[in-house]
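In: Here is a sequence together with a model predicted from it:
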Amino acid sequence: MIRFEGVSKTYPGGQQALRQVSFHIAPGEMAFLTGHSGAGKSTLLKLISIMERPTVGKVLINGHDLNHIHSRQIPYIRRDIGMIFQSHQLLMDRSVFDNVSLPLIIEGYSHREISKRVGAVLDRVGLTDKSRSLPVTLSGGEQQRVGIARAVINKPPLLLADEPTGNLDPKLSMEIIRLFEDFNQAGVAVLIATHDLGLIARMRYRTLTLKKGQMITDGLTEDWYDEPAV
Amino acid sequence: MSLLFKGRDQGAQRTRISSVQRLLMFFISHIRQALASLGELWRSPGASMMTIAVLGLSITLPSTLYILLKNTEKVSAGWEQASEITLFLHQNTQPGDIRQLTTRLSLWPEVESLKHIDKAEALNEFKQLSGFGDALNYLEENPLPDVILVTPDSKNTSPTAAGKLLEKLQKEREVELGQLDIQWLERLHGLVDIAKELVSVVAMLLFIAVALIIGNTIRLNILNKRDEILVLKLVGATDAFIQRPFMYTGFWYGLLGGLLAWFTTWLLLWWMSDSIGRVTQLYQTQFELTGLQGESLLGMLGLSVFLGLAGSLLSVHKHIRAIEPK
């Protein structure tokens, strides 16, 4: 599903965010991406959603080399990737319904289809009664769930989440992760970037660890957890 | 149309609808966006009104000048129609020769009509009008010549054609002198031409100003909505989709500015109609001031809408591309 081949990213100014990173995430797989702040997690996600381009190496999604994607095609790529952000990236002056329906409006769905799908997805994230509310009136956890609903509404085969539990307490964090597990079980590949090691430790998932731009471990949580002082 | 995943249908293709319905949806979504843009203007009435007022007044000036010019042309065209050639005949021309001359001339295709003013008749008129009545009685003979007034037909009323006709008339044996008072008309034409060019230049400058004002207003709108544009780009909106509401905003600015200009122009002409009426009365012409109607009104509205779209296109292209999620 996602394949990195010898990817390096150097920002203008010489800061090297990623060095020779290679890995592969299979279709329908769920994985965590971890590391300290500044280790390159966000950069890695940005390379997948083409917010940045690699300096060296190739990023492939489903076998397609993203280097060959023209900037005019980027919007269509993003429609295949559900993205979730720590800062939610919601439109604060629009209702939950309007926020969640945005990807469908962009793709030109009919009004009826939009209502149907938004209803279904809000039900799934447990926000049915908040459809008409403005995001500012919601709690952090609820706002994050609005973001998730928006990311999955057009049923993308791939979900990317950047610190989705960043501002949430452990209980709420776990609820969010359970939600991702649900989507994963429906066949969606999920890649979650987080520095919340406690959260990862409670689950058995493949974990990719970045340190100063290099991939230092790649394996199941347990294995990683068994090797202290990496 | 998924680039990465074959077989994953997106959007309208998935929802089994006919192409007619899709076309309908296309128009519906455009109308919806147009109304949304109008609603946006409505929500900040103060700022919108100010922008529209600036645009409207900028368009008012050239359109008022244009109307005044058009009316001047109409009036002077009326004068041209009435242009007459005055032929003064030799003193010793006999009445029989004059009759022959008038018969001959009336057969010319260029001549619409002729009027012979007998010299005795002219003297009488002169006596009455000049107040020299008694003094004139002491003259041994009538010093005035016979006069023929020639009105050219409609094809020969322009200054050049009438001039040619005059030359031809002067070649007649009985004619001593022919006069066509077209010099002042030519001067008027020259002045009108200068005024026309001036109006074009002023109009051009003001139209550019209108496009720039709209461009700048749209630019500020775009910067105000930076966050929203970022979110739209993150969820896969194309630049075309994002810029559409801004284009509609430009469209509305242009249309509303044009309508305001139409109204203020009408108001100005109404205000000026009294003084214009007094001037035209002096020239004893029946004259109706024509305002912006029909084609010229449509033309003006079309132009202002075009300027609105051009201005927003200027901004939208540059600034929406510049906003990219990082």
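Out: Happy to help now that I have it.

In: rest of the way, CA atoms for contacts and neighbours
Out: Will do.

In: Looking at chain A, name the residue that lies furthest from the middle.
Out: Using C-alpha atoms, centre = their mean, the residue of chain A lying farthest from its centre is A:R112. It sits 28.2 Å away.

In: quick one: it and chain B, what's the gap?
Out: 11 Å (C-alpha to the nearest C-alpha, to the nearest Å).

In: helix, strand or coil for that residue?
Out: Look at A:R112: counting by DSSP: H, G, I helix; E, B strand; the rest coil, its state is helix.

In: check contacts around it.
Out: By C-alpha atoms under 8 Å, 6 or more residues apart in numbering or on different chains, no residues touch A:R112.

In: Also A:K9?
Out: By C-alpha under 8 Å, 6+ apart, A:K9 lies in contact with A:Q16, A:A17, A:L18, A:R19, A:R53, A:P54, A:T55, A:V56.

In: Only the buried subset of the residues you listed, as a PyMOL command please.
Out: Buried members of the contacts of A:K9, defined by 16 or more other C-alpha atoms under 10 Å in any protein chain shown, are picked up in PyMOL with:
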select buried, chain A and resi 16+17+18+19+53+54
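
In: Mind listing residues that contact stretch B:217-229?
Out: A:L91, B:T51, B:I242, B:F246, B:T249, B:G250, B:S312, B:S315, B:V316, B:H319, B:I320, B:I323.

In: Show me what the mean pLDDT comes to for that stretch.
Out: Mean pLDDT, stretch B:217-229: 92.

In: now that stretch, how far from the centre of its chain.
Out: 37 Å (C-alpha atoms, centre = their mean, to the nearest Å).

In: neighbours of residue 68, just the number please.
Out: Picked chain A for this. 10 (other C-alpha atoms under 10 Å in any protein chain shown).

In: my bad, the chain I had in mind was chain B
Out: Neighbour tally, B:L68, other C-alpha under 10 Å: 16.

In: returning to what we had before: quick one: buried ones out of the contacts of stretch B:217-229?
Out: By 16+ other C-alpha under 10 Å, these give A:L91, B:T51, B:I242, B:F246, B:T249, B:G250, B:S312, B:S315, B:V316, B:H319, B:I320 as buried.

In: For the stretch 1-150 of chain B, which residues score under the pLDDT cut-off?
Out: Across the stretch 1-150 of chain B, the ranges flagged by pLDDT under 70 are B:1, B:7, B:9-17, B:76-83.

In: Need the mean per-residue confidence for the helix or strand where A:L199 lies.
Out: Element membership of A:L199, judged by DSSP states H and E, is helix A:197-201. Across helix A:197-201, pLDDT averages out at 83.

In: quick one, longest helix in chain B?
Out: In chain B, taking DSSP state H as the definition, the longest helix is helix B:239-282.

In: Which SSE is immediately downstream of that helix?
Out: helix B:294-322.

In: Which stretches in chain A count as strands?
Out: Here chain A has its strands, by DSSP state E, at A:2-10, A:16-25, A:30-34, A:56-61, A:64-65, A:81-84, A:158-162, A:189-193, A:206-211, A:214-220.

In: same for the last one, what does it pack against?
Out: Helices and strands in packing contact with strand A:214-220 are listed as strand A:16-25, strand A:206-211; criterion 3 or more C-alpha pairs under 8 Å, 6 or more residues apart in numbering or on different chains; DSSP states H and E.

In: So for that strand, what gets flagged as buried?
Out: Buried residues in strand A:214-220, counted by 16+ other C-alpha under 10 Å: A:Q214, A:M215, A:T217, A:D218, A:G219, A:L220.

In: Now do A:F4 against A:N67, distance only.
Out: 12 Å (C-alpha to C-alpha, to the nearest Å).

In: Just want to know which of the two has more residues nearby.
Out: A:F4 (21 against 14).

In: show me the contacts for the more buried one.
Out: Contacts for A:F4 (C-alpha under 8 Å, 6+ apart) come out as A:V21, A:S22, A:F23, A:H24, A:G57, A:K58, A:V59, A:L60.

In: still on that earlier bit, now, among the buried residues of strand A:214-220, which is nearest to chain B?
Out: Nearest to chain B, judged by C-alpha to the nearest C-alpha, of those is A:Q214 at 21.3 Å.

In: beta partners for that closest one?
Out: As for beta bridges, A:Q214 partners with A:K211 under DSSP bridges.

In: In contact with the residue of the stretch 51-200 of chain B found nearest chain A, which residues?
Out: The stretch 51-200 of chain B approaches chain A most closely through B:T51 (24.5 Å), counting by C-alpha to the nearest C-alpha. Contact analysis of B:T51 by C-alpha under 8 Å, 6+ apart lists B:T217, B:Y253.

In: Which strand or helix spans it?
Out: helix B:45-81.

In: Distance from that helix to the middle of the chain?
Out: 8 Å.

In: Return the helix or strand following that helix as CSV; C-alpha atoms alone will do.
Out: As assigned by DSSP H and E, the chain's next helix or strand after helix B:45-81 is strand B:85-89. Output of strand B:85-89 as CSV, limited to C-alpha atoms (Å, rounded to 0.1, in the frame of the first residue of the first chain):
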residue,chain,number,x,y,z
ILE,B,85,-26.0,75.6,-50.2
THR,B,86,-26.6,79.3,-50.9
LEU,B,87,-26.0,80.3,-54.6
PHE,B,88,-25.7,84.1,-55.3
LEU,B,89,-26.4,84.8,-59.0
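
In: hmm, who's touching strand B:85-89?
Out: Around strand B:85-89, the neighbours that count as contacts under C-alpha under 8 Å, 6+ apart are B:145-152, B:166, B:170, B:174-181.

In: From these, list just the buried residues.
Out: Among the contacts of strand B:85-89, those scoring as buried are B:145-152, B:166, B:170, B:174-175, B:177-178, B:180 (criterion: 16+ other C-alpha under 10 Å).

In: now for the residues you listed, which pair is the farthest apart?
Out: B:P145 and B:P152 (21.6 Å; C-alpha to C-alpha).

In: near chain A, which residues of the stretch 101-250 of chain B?
Out: When proximity is defined as C-alpha under 8 Å from any C-alpha of the partner chain, the stretch 101-250 of chain B approaches chain A at B:D227, B:E228, B:V231, B:L232, B:K233, B:L234, B:V235, B:G236, B:A237, B:T238, B:F241.

In: downstream neighbour of the host helix or strand of B:D97 in the secondary structure list?
Out: Assigned by DSSP H and E, B:D97 belongs to helix B:95-106. Using DSSP H and E, the helix or strand that follows helix B:95-106 in sequence is strand B:111-117.
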